[in-house]
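1. here's my sequence, what's the structure:
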Amino acid sequence: MHKTGPVGFRLLKLTLPLFFMIYSLGFSQEEKIRIVSIDVIGTKTATPEVLIAASGLKVGGFYGSEEFADAIKQIWSLGLFSDVKLINDRELDGGVYLIIAVEEYPRLSKIGIQGNRRIKASEIEEVIDVQPGQPFSPHNVYEMQCLIEELYYEKDFLLVEVIPATFEGIKENTRGVTIEIKENKKVKLENIVIEGVSEQNERKLKRQMEHMKEQSWWKFWTDLDFTIDNLRRDERTIEAYLRSKGYRDAEVLGDSISYNEERTRMY
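-> Residues are numbered from 1 along each chain as shown. Next comes the predicted model:
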C-alpha cells in the first residue's frame, strides 16, 4: 500500500475510470468492499447526514465499483457541490474507513441589476428566478445571462449585451452577482424581399404591409423598429390579400433574416 504521510489518503473520483477508482482502493474491480465507517468533510451548510443518505452508502454494507460511482452521482445530483471525492482513509477490521470529501458552492447573497431602462427589474428577477440563500454556481451565472438575453430578444432588443460579474459576500461562503445590461438600440429594417412573385406583384404586396416598412431617406421620421409580432401580422396580411385576389391556397412558407456587419440594419 502506497503511503503519503502518516495516513496515506487515496482518492476515488467520479471522473476517473471505474477500474482505477477501485484499484486505487487496493481492491480488484469485481471485489466488494465493506465500509467500517463513513465520515464527511468540507460541508459548510449541508449536514453530513444529508450527504450520507444521498450517497446510499451504509456502514456495514459491501460495495463495488458501480455502487461507489452511483454514490458520487447521487451527491452531485443535489446541486450543492463543486467537487465530490470518496477517500479511503485507512483499512482496518476487514474493511475501509470511508471519507466523503466535498466542496460546497457558495450561497447567493445579493443580486444587483443595472442599465435596464426598457424592462423593469422585477420582470427580469421573475425570469431568472433565483433567490438569495440558494447554491450559486458558474452555471447559474451563465443561465441567468441567457435568460435575460432571451427576454430582451423577445422584446426585439437584438443587440442587448448582458454582462454578469460576481463578488465576495459579507458572510462566509457567499457570493453576490451584479448584472450590467447594455440595451442598445433596436435594429432597423433596411430591405424586404418577397420571393415567389414578380417584381410588380412584390411592390403591391409590400404596400399591403401595415406594420413593416422598408427604410427610405424620405421617410426618416418613420419608426421602423423591427418586431417579430409585426412581421407575423404582415405575413398574415399578405396571405389574406392574395386569397382575396383568387389565390385561395396562398401561404407564406417561411422567412429569413440577415444583418449588416454591425448588426444595426436588417434585411
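
2. from now on I want contacts and neighbour counts done on CA atoms only, so please keep to that.
-> Will do.

3. residues near Y259, how many?
-> 14 (other Cα atoms under 10 Å).

4. how close does it sit to I192?
-> Relative to I192, Y259 is positioned 12 Å away (Cα to Cα, to the nearest Å).

5. and what of I33?
-> I33 sits at a distance of 70 Å from I192 (criterion: Cα to Cα).

6. likewise for Q208?
-> When distance is defined by Cα to Cα, Q208 is 13 Å away from I192.

7. one more: M209?
-> Noted for M209: a distance of 11 Å to I192, by Cα to Cα.

8. which one of these two has more residues nearby?
-> Between M209 and I192, counted using other Cα under 10 Å, the more crowded position is M209 (18 against 15).

9. and the pLDDT for N230?
-> Reading off the per-residue confidence, N230 sits at a pLDDT of 79.

10. my read: it touches M212, true?
-> Yes. With the criterion set as Cα atoms under 8 Å, N230 and M212 qualify as a contacting pair; they are 6.5 Å apart.

11. the two: who's more crowded?
-> Here N230 and M212 are compared on neighbour count by other Cα under 10 Å; more neighbours surround M212, at 22 against 14.

12. I'd say that one and R233 touch.
-> No. If you go by Cα under 8 Å, M212 and R233 don't touch, sitting 9.1 Å apart.

13. figure out how far the one helix or strand N201 maps to is from the centre of its chain.
-> Using DSSP states H and E, N201 sits in helix 199-208. For helix 199-208, the distance between its averaged C-alpha position and the chain's averaged C-alpha position is 43 Å (Cα atoms, centre = their mean, to the nearest Å).

14. list the buried residues for the helix or strand that that helix is followed by?
-> Reading on from helix 199-208 to the C-terminus, the next helix or strand found by DSSP H and E is helix 228-244. Going by neighbour count (16 or more other Cα atoms under 10 Å), the buried part of helix 228-244 is 231, 234-235, 237-241.

15. dump the residue contacts of the closest residue to M209 other than its chain neighbours.
-> Beyond its immediate neighbours in the sequence, the residue positioned closest to M209 (Cα to Cα, 6 or more residues apart in numbering) is D234, lying 5.2 Å away. Contact partners of D234, counting by Cα atoms under 8 Å, 6 or more residues apart in numbering, are 208-212.

16. ditto for G60
-> Here G60 is in contact with 34-37 (criterion: Cα under 8 Å, 6+ apart).

17. output the longest strand belonging to this protein.
-> Counting residues, the longest strand found in the chain (DSSP state E) is strand 81-92.

18. ok and the helix or strand following that strand relative to strand 81-92, angle-wise?
-> Later in the chain than strand 81-92, the nearest helix or strand by DSSP H and E is strand 95-104. Relative orientation of strand 95-104 versus strand 81-92 (axes from the mean of the first three to the mean of the last three Cα atoms, to 10 degrees): 160 degrees.

19. give me the contact list for the next helix or strand after strand 95-104.
-> Helices and strands here follow DSSP H and E; after strand 95-104, the next one along the chain is strand 107-114. By Cα under 8 Å, 6+ apart, the surrounding residues in contact with strand 107-114 are 121, 131-136, 169, 173-181.
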